[in-house]
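*Asks:* Predicted model, plus sequence, below.
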Amino acid sequence: MRRRPVRTSGRRAVQRFQASLERRQNSPVGRLAVDWFQRYFEASRNSASAATLYIFIAVMPVCLAVIGLIDAASNAENTFSKNLIEHLHLHDKSAAIVTDAFGTASQNVLAASLTAVVSFLIWGVGIGKLFQDVYSRAWRIELQTTAADQARFAIWFGAIAGLLTLEVAYWHRFDASDWLIGVPVWIGGMTVFWLWTPWYLLHHRIRLGALLPGALLTAVVLGGASLFSPLTLGAWMNLYASYFAAFGVVLALAMWMLVIVALALTCAVFAPVFADRRRRERNPS
């Protein structure tokens, strides 16, 4: 009984695919992507999860308290929940849950403010330290944390909380004609913030020109994520609210925040990788 010849077409296809991957990996873009991927895991050390937790328990209460104060001063109600519902196109059930969960800040300004202060005092400074560690590992520099850094972290916390508050407060106020102005303002503002963040947290040890590629990339990527958030976050909140009610809304927000933080950290790591690549090109030896 003769044996059937072994078919090698599948094996050859796999070999061709592997060869294609090797060629792409050895290309300039491929090597940059591999270096970027490796540097991210070297620098992040699961920092995205920790940063997401800090934002939820420290930054979000401050954001809600500030919006509540603005609502109370202007006799408005539920700005945060209304903007969230309009921007994400939430359905009846998820919209009702968001209103119940976040719609009382203006009516409980004192309680919201006290919660924000306590959250900042306990966890607020830690988020700045976390970002500083990621940047220092990405740039492979060592920093000595001093007492002055605590004030530095507090100032950066105020900046990130203010940025988040502005974004939420003006989420729904752009129509089609406003995008010609809104997009450049967004890109410019976010670029300045993510350019200032590593420069400030790293004690000005990295020049602004080297930080600019990462800042631009962060602004564009986070801008795109915000633009498409109704298709992603809105869909998640509507889906999870139908199955898990209020817990589903919180779960969807946590997942989205994790995605945003991971994107921000990934883009932040691009700048040192790009700088190393340029340095090797100028000095090939």
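*Replies:* Looks like it arrived, so ask away.
*Asks:* Show me what counts as buried in the strand or helix carrying Ile85.
*Replies:* Ile85 is part of helix 79-88 when elements are defined by DSSP states H and E. Within helix 79-88, the residues scored as buried using 16 or more other Cβ atoms under 10 Å are 79-85, 87-88. The C-beta positions use only the backbone N, C-alpha and C, and glycine is treated the same way.
*Asks:* Ok, stretch 277-285 next?
*Replies:* For stretch 277-285, burial by neighbour count (16+ other Cβ under 10 Å) applies to no residue.
*Asks:* What helices and strands are in contact with the helix holding Ile85?
*Replies:* Packing contacts for helix 79-88, counted by 3 or more Cβ pairs under 8 Å, 6 or more residues apart in numbering; DSSP states H and E, involve helix 60-74, helix 92-102, helix 147-169, helix 229-282.
*Asks:* ok, and which of those helices has the densest surroundings?
*Replies:* helix 60-74 (a mean of 20; mean count of other Cβ atoms under 10 Å).
*Asks:* For that helix, C-alpha coordinates in CSV please.
*Replies:* Extracted in CSV, the C-alpha atoms of helix 60-74 (Å, rounded to 0.1, in the frame of the first residue of the first chain):
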residue,chain,number,x,y,z
MET,A,60,-13.5,62.2,38.7
PRO,A,61,-14.8,63.5,42.1
VAL,A,62,-13.0,66.8,41.5
CYS,A,63,-14.5,67.0,38.0
LEU,A,64,-18.0,66.4,39.4
ALA,A,65,-17.5,68.9,42.2
VAL,A,66,-16.3,71.6,39.9
ILE,A,67,-19.2,71.1,37.5
GLY,A,68,-21.6,71.0,40.4
LEU,A,69,-20.3,74.4,41.6
ILE,A,70,-20.7,75.8,38.1
ASP,A,71,-24.2,74.4,37.9
ALA,A,72,-25.1,75.9,41.3
ALA,A,73,-23.7,79.3,40.4
SER,A,74,-25.5,79.4,37.0
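*Asks:* List the neighbours of stretch 31-38 that are in contact with it.
*Replies:* With Cβ atoms under 8 Å, 6 or more residues apart in numbering as the test, stretch 31-38 has contacts from 25, 266, 269-270, 273-274, 276-277.
*Asks:* quick one: which of the helices and strands packed on helix 79-88 is nearest Ala51?
*Replies:* Evaluated over the helices and strands packed on helix 79-88, closeness to Ala51 peaks at helix 229-282, with 4.7 Å, by Cβ to Cβ.
*Asks:* Can you list the neighbours in contact with the host helix or strand of Gly214?
*Replies:* Using DSSP H and E, Gly214 falls within helix 208-227. With Cβ under 8 Å, 6+ apart as the test, helix 208-227 has contacts from 167, 183, 186-188, 190-195, 198-199, 232, 259-260, 263-264, 267-272, 274-275.
*Asks:* Please consider this matter closed, and thank you.
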